[in-house]
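1. task: produce atomic coordinates for the following.
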Amino acid sequence: TLLPGLLELKLSDGLKNLGFSPVLWPDFDDADVRIELDGKYLDLDAKVWRYPDVLASHLSDLPRSTLRWIVIPDYQATSLPFLRKKTGLQIHTYSSCLKELKKRA
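-> Residues are numbered from 1 along each chain as shown. A predicted model of the protein is given here:
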């Protein structure tokens, strides 16, 4: 992993700017950031890994849930198709995450 905590803090700030009330590291780090969306909790896990294939391997072990999104830095946007195909998870860049949540706010 690279620069632990920075993407989580940036994500929390971005969510606050959209009107959400993000909770950092809820339930003793059950997720990195949690927000309420449509009456349910959405967990966001920030992942800043150097190698997309190693991240995909790590993510493959996670339980599948529509209520958990993986968020990667914008500079790794080219890895999105690979990660989504390899893992089948909801994966967004920082910017695409905020853009999608802005539509739903």
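
2. identify the residues contacting the longest strand along the chain?
-> Of all segments of type strand in the chain, defined using DSSP state E, the longest is strand 40-46. Contacts with strand 40-46, where a contact means C-beta atoms under 8 Å, 6 or more residues apart in numbering, come from 7-8, 11, 26, 30-36, 65, 67-72, 97. (Each C-beta comes from the backbone N, C-alpha and C, glycine too.)

3. for stretch 47-66, same thing?
-> Taking C-beta under 8 Å, 6+ apart as the rule, stretch 47-66 contacts 1-4, 6-7, 43, 68, 70-73, 76, 79, 82-83, 86-91.

4. next: stretch 82-101.
-> Residues outside stretch 82-101 that contact it (C-beta under 8 Å, 6+ apart): 7, 10-11, 14-15, 18, 20, 35, 37, 44, 52-53, 55-56, 59-60, 62, 64, 66, 68-74, 76-77, 80.

5. in helices, which of those residues appear?
-> Among the contacts of stretch 82-101, the members found in helices (DSSP state H) are 7, 10, 11, 14, 15, 52, 53, 55, 56, 59, 80.

6. max pairwise distance over these: which two?
-> Using C-beta to C-beta, the pair of the ones in helices among the contacts of stretch 82-101 lying farthest apart is 15 and 53, separated by 29.1 Å.
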